[in-house]
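In: take this sequence and fold it.
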Amino acid sequence: MNEIVVANGSKLRIKDLENINLVRDPSFRVMNDKEIVLRYRNYYRDSDKKVGFVGGVYDMLHDGHIKYLLECLRRCDILVVALDDDELARKRKNDPLRPFDSEEKRSKILSWAGLAHIITFRHVGEHPYDLIKFLGPDVLFTSRTTKDVSDEDRRKLGEYCGEVVVFEPQSPDSTTNQMFRIEAAHTIRAAEKVVSALDEITRPFGRKAVLVDVEEGSK
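Out: Purely as a prediction, here's the structure:
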């Protein structure tokens with residue numbers, strides 16, 4: 001069968017999903033049901049189309065993420081992106097405040113941006129290899145910067161994929177760096193408000209509160 005039932009309950013021809021620019025609606029591209037993703041993958045199993053697979057969080061989507069996914073798209077015909085859901089992202093990042101963007105928002109952004117043919121999810125409790133074994137992609141894409149994926153992991157995963165491609169970092173930026181910059185900006189604004197309030201208090205006494213750069217003041 002060349003039709004699949006997508007998230008909004010309607011039917012869509014599998015081939016219609018090949019054109020990322022034609023269909024960017026997340027209700028067609030975001031699939032929670034792994035069996036539907038498998039049907040999509042199997043449709044191309046004996047064809048000349050190469051199916052690629054890549055995982056990740058893609059939180060606060062930045063230029064490094066975009067370059068990475070565009071390179072994945074360049075090296076395959078159909079790209080399946082497996083997003084870490086919110087719980088798994090918190091566990092892998094060891095940070096209760098991550099991800100900044102919810103799994104729903106992250107998946108919609110990838111769809112609207114035309115960076116994947118199919119977006120599905122990985123969950124806590126699943127072995128990292130499970131979905132890769134289940135789908136058996138033609139190409140598995142990984143990043144050298146992914147700390148919990150070793151060269152030994154890549155060797156083992158090669159048994160379930162036709163090829164394993166390892167990318168070097170695509171950008172010096174990262175989601176963590178972006179969050180640090182946001183935190184720094186909020187900290188400065190908060191400090192400025194405190195100084196302003198102190199200035200109001202000390203002004204009647206002929207004093208002025210000022211915000212001092214500690215590093216500059218120590219020189």
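In: who touches the residue nearest the centre of the chain in this structure?
Out: Centroid-nearest residue in the chain: residue 58, 1.6 Å away (criterion: CA atoms, centre = their mean). Neighbouring residues of residue 58 by CB atoms under 8 Å, 6 or more residues apart in numbering: 65, 69, 81, 83, 106, 109, 110. Bear in mind the C-beta positions are built from the backbone N, C-alpha and C, glycine included.
In: quick one: which of those sit in strands?
Out: 81, 83 (DSSP state E).
In: helix/strand/coil for the residue nearest to the centre of the chain?
Out: Assigned by DSSP: H, G, I helix; E, B strand; the rest coil, the conformation of residue 58 is coil.
In: pLDDT score assigned to it?
Out: Each residue has a pLDDT score; the one for residue 58 is 95.
In: got phi/psi on it?
Out: phi 50, psi 50 (degrees, to the nearest 10).
In: what's the spacing between it and residue 116?
Out: 10 Å (CB to CB, to the nearest Å).
In: joint contacts of these two?
Out: Residues touching both residue 58 and residue 116 by CB under 8 Å, 6+ apart: 69, 81, 110.
In: now do the same contact list for the second one.
Out: Residues near residue 81 by CB under 8 Å, 6+ apart: 54, 55, 56, 58, 69, 110, 115, 116, 118, 119, 120.
In: report the contact partners of the nearest residue to it once chain neighbours are set aside.
Out: Ranked by CB to CB, 6 or more residues apart in numbering and with sequence neighbours excluded, the top spatial neighbour of residue 81 is residue 116, at 4.0 Å. Counting by CB under 8 Å, 6+ apart, residue 116 touches 20, 29, 69, 79, 80, 81, 110.
In: quick check, nearest of those to residue 133?
Out: residue 80 (13.6 Å; CB to CB).
In: in TSV, list the contacts of residue 116 along with pLDDT.
Out: Below are these laid out as TSV (pLDDT from 0 to 100):
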residue	pLDDT
20	83
29	91
69	96
79	97
80	97
81	98
110	96
